[in-house]
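S.K.: fold the following for me, if possible:
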Amino acid sequence: MPIRIPDALPATETLESENIFVMTEYRALHQDIRPLRVLILNLMPTKVATETQIMRKLSNTPLQVDVELLRTASHEAAHVSASHLDTFYRTFVEVENDYYDGLIITGAPVEQMPFEEVDYWPELCRIMDWSTTHVHSTLHICWGAQAGLYHHYGIDKHDLPQKASGVFEHRILKASSPLVRGFDDRFWAVHSRNTDVRIEDVEACAELEIVAASDEVGLYLVKSTDSRRFFVFGHPEYDRETLKLEYERDVARGIDPQVPRNYFPDDDPSREPRNTWRSQGQLLYTNWLNYYVYQTTPYDIERVGA
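M.R.: The predicted model follows:
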């Protein structure tokens with residue numbers, strides 16, 4: 001089934017070229033079913049790339065999804081045109097009276113800053129509080145996951161001795177969770193972060209449960225026991241080239257980064273990387289959207305959060 005997005009959004013042409021069913025707004029309005037309303041709070045500087053990556057995952061499900069894009073008004077984006085933001089993005093004051101089946105909060109390149117020093121932190125906290133009463137299910141990604149755990153549960157992040165960058169093997173800790181339905185017992189997932197949330201801190205919180213983790217890089221999937229909040233510490237939406245572009249960017253900056261683990265063949269950055277996480281990344285988004293949004297959200301969307 002299709003994903004419904006504005007016809008002129010740059011992601012539209014990319015997704016259609018990949019044979020992904022993108023429904024026009026006119027056709028969607030003439031169907032007698034209620035599409036899921038999903039809001040993406042895009043905190044990444046590479047907004048167009050992130051939009052496309054997440055929409056690619058949301059589109060490959062048997063559900064009609066009406067996607068809207070949200071940005072923070074308290075931060076001026078430097079890597080995307082003002083016309084793109086004005087055309088396709090809304091600010092919180094424009095959506096605060098609306099209700100959504102799902103909300104996705106992306107990562108952001110601010111993880112080594114204290115949360116309170118991020119210029120849009122007060123606005124993000126307001127959005128996360130609002131999601132409790134206006135969103136049925138929220139998916140937090142990478143720094144967004146760390147921010148969500150800190151704000152809702154008081155669990156802080158910690159600096160890593162070196163960046164967790166690469167593709168790592170993970171194990172399922174709660175096999176009965178629909179979130180990992182269809183996953184292999186051991187699966188590969190992408191991480192790209194300089195900070196960490198400790199497993200023991202999450203285990204000590206009775207309102208949270210760990211679904212999957214890695215022996216090398218720790219937490220991957222955490223959810224609230226009421227299935228309203230989900231925290232993903234990796235990047236299941238990443239394309240095959242994304243880690244390569246991040247690595248080359250850091251090399252150009254003179255940071256002398258480590259080569260991402262298990263990503264380039266033989267860890268040789270001169271060779272083309274292989275995507276070994278695509279299937280689990282798609283399953284993760286599909287399972288969240290199906291089991292924790294579509295299957296449980298009220299048909300009357302204004303009852304969301306009640």
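S.K.: quick check: Ser176 vs Phe92, distance?
M.R.: The gap separating Ser176 from Phe92 is 36 Å, by CB to CB, to the nearest Å. The C-beta positions use only the backbone N, C-alpha and C, and glycine is treated the same way.
S.K.: distance of the spatially most central residue of the chain relative to Pro161?
M.R.: Centroid check for the chain by CA atoms, centre = their mean gives Ile141 as the closest residue, at 3.9 Å. Ile141 sits 23 Å away from Pro161 when distances are taken as CB to CB.
S.K.: please name the bridge partners of the residue nearest to the centre of the chain.
M.R.: On the basis of DSSP bridges, Ile141 is bridged to Val232.
S.K.: just confirm Cys305 is within a helix.
M.R.: For the record, residue 305 is Gly, not Cys. No. Using DSSP: H, G, I helix; E, B strand; the rest coil, the assignment for Gly305 is coil, not a helix.
S.K.: wait, it sits on Ser137?
M.R.: No. The pair Gly305 / Ser137 is not scored as a contact, 10.2 Å apart, by CB atoms under 8 Å.
S.K.: look at the two and report which has more neighbours.
M.R.: Ser137 (26 against 15; other CB atoms under 10 Å).
S.K.: tell me the secondary structure for that one?
M.R.: Criterion first, three-state DSSP; result for Ser137: strand.
S.K.: does it touch Gln295 like I think?
M.R.: No. Look at Ser137 against Gln295 with CB under 8 Å: they stay out of range, at 10.2 Å.
S.K.: what is in contact with the two at once?
M.R.: Here Ser137 and Gln295 share no contacting residue, scored by CB atoms under 8 Å, 6 or more residues apart in numbering.
S.K.: spell out the residue ranges of the strands in this protein.
M.R.: 3-4, 22-23, 36-41, 65-70, 89-90, 100-105, 135-141, 158-172, 186-196, 208-214, 218-224, 229-232 (DSSP state E).
S.K.: least reliable of these going by mean pLDDT?
M.R.: Among those, strand 22-23 has the lowest mean pLDDT, at a mean of 58.
S.K.: helix or strand with the lowest mean pLDDT in this structure?
M.R.: Using mean pLDDT, DSSP states H and E, helix 25-29 stands out as the lowest-scoring helix or strand of the chain, at a mean of 54.
S.K.: residues contacting Pro51?
M.R.: Actually, residue 51 is Glu rather than Pro. Leu9, Pro10, Ala11, Ile40, Asn42, Leu69.
S.K.: with Gly218 instead?
M.R.: Here Gly218 is in contact with Asp196, Val197, Arg198, Ile199, Phe233 (criterion: CB under 8 Å, 6+ apart).
S.K.: just the buried members of those?
M.R.: Among those, those buried by neighbour count (16 or more other CB atoms under 10 Å) are Asp196, Val197, Phe233.
S.K.: among those residues, which one sits closest to Trp288?
M.R.: Phe233 (14.7 Å; CB to CB).
S.K.: my guess is that closest one contacts Leu219. True?
M.R.: Yes. Using CB under 8 Å, Phe233 is in contact with Leu219, at 4.8 Å.
S.K.: which neighbours do the two have in common?
M.R.: Counting by CB under 8 Å, 6+ apart, the residues touching both Phe233 and Leu219 are Val197.
S.K.: ok, the residue nearest to the centre of the chain to Asp196 distance?
M.R.: In terms of CB to CB, Ile141 sits 15 Å off from Asp196.
S.K.: kindly report the same for Pro273.
M.R.: Per CB to CB, Pro273 is found 24 Å from Asp196.
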